[in-house]
Each structure stands twice: as C-alpha cells, then as structure tokens.
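Asks: Attaching a predicted model along with its sequence, questions to come.
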There are 2 protein chains.
Amino acid sequence: MIKVVSKNQVPTENIEAFKALAAKMVEETVKEDGCIDYALFEDESNPNVLVFVETWESKAHLEAHFQAPHFKLYVPQMGELRTDKELSILKTV
Amino acid sequence: MIKVVSKNQVPTENIEAFKALAAKMVEETVKEDGCIDYALFEDESNPNVLVFVETWESKAHLEAHFQAPHFKLYVPQMGELRTDKELSILKTV
C-alpha cells in the first residue's frame, strides 16, 4: 500500500477554480484500478492549503495514475492555480 | 470526516525506538471509537521522515484521542525522539 499527500498552496482568488478541477480529478481517479481512496481536503487552520490524500494498492498503480489521461489534462491546469506544492509519497513501515 | 497528517523528522539513531513507540500507539489507537484508520508511514525518499496518516469520523473523536491514556503516555516519548513535527488537521471540502 502507498499513501500520497499532495499539499498545495492556492491563492484565495484561485481556490474555487482549483476545487472545481480537483472535483473532476477525484471523479475520474477513484475509478482507476488500485485506487483505494483519493480525495481533496482543506487545512482547517488555513483555507489556502488544499491537500490531496490518496491511498494506492501499489507503487505501480500510482505510476499508472501519473499516465492517466485525466491526470495529464487536469494536473497542469491545477499547477497554474497554485503557488507551491509539496508531494510526499509514503510507504508502510 | 477528519484527516490528520503528522510529519515527524527523526534522527537515524532514533528511528527504531520511534517506530517501536509508534507501533504501540497504533495498536491502541485503532481500537478507539471513531478511528477509521491510523498508521505510520515512511517517506519513500527520506527514511528520517515518519508520517502518521489518520482518518477520524469527527473532530470530536480526534479530540477524545488527544485525551486518551496511550496518547498521553506515548506522544511525549515520541516527542523526545524527533527533531521537528508538522501537524495538519484536514477537513473535507
């Protein structure tokens, strides 16, 4: 099992657009093979911090996700809307 | 639902002791009311970064967790073994 935490800094004026793209990304991604869960969250102390928390059956499933059409479509668009991103790929201990 | 991501910087010489305490913490915490999942992970690019990823039914369940005996017993001990901690409490969007 692999966990992914993708922390995004999003300026206030971009939050709604970012969330709209994220919703489309979630809708497609949860259908993917090996996707256990995948959702967007908001830091309760900072609405400008939007965090994807994901669980994948394996690293191979995660890497297939990086090649999915919806990933290639939406992730660059979300990239335009954020000022910073911190990606953590986590393995079980 | 509430997600918690607790990122810990642990010096190499403390990793095994930290993981041993974390295992006891996991064993007790998963029994708690409202705990959907709770586990320790390792950043695949940095073994000194150990991350709890947690899911709770509600903020109230998480706050009860902070008062649990095993929390009060093990968390300070883990605190002694790490050099830095970043806690994110995340709510659904």
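Replies: Ah, there it is.

Asks: burial of the closest residue to residue A:61 other than its chain neighbours, as a residue count?
Replies: Leaving out its chain neighbours, the residue that sits closest to residue A:61 by C-beta to C-beta, 6 or more residues apart in numbering or on different chains is residue A:34, at 2.7 Å. The C-beta positions use only the backbone N, C-alpha and C, and glycine is treated the same way. With neighbours defined by other C-beta atoms under 10 Å in any protein chain shown, the count for residue A:34 comes to 16.

Asks: ok, now residue A:23?
Replies: Using other C-beta under 10 Å: residue A:23 sits among 12 other residues.

Asks: ok, back up a step: so for the residue nearest to residue A:61, what's the pLDDT?
Replies: With respect to pLDDT, residue A:34 scores 98.

Asks: That one and residue A:63 touch, don't they?
Replies: No: applying C-beta atoms under 8 Å as the test, residue A:34 and residue A:63 come out as separate, 10.0 Å apart.

Asks: can you pull the buried residues of the top helix by length along chain A?
Replies: Secondary structure of chain A per DSSP state H: the longest helix is helix A:15-29. By neighbour count on 16 or more other C-beta atoms under 10 Å in any protein chain shown, the buried set for helix A:15-29 is A:15, A:18, A:19, A:21, A:22, A:25, A:26, A:28, A:29.
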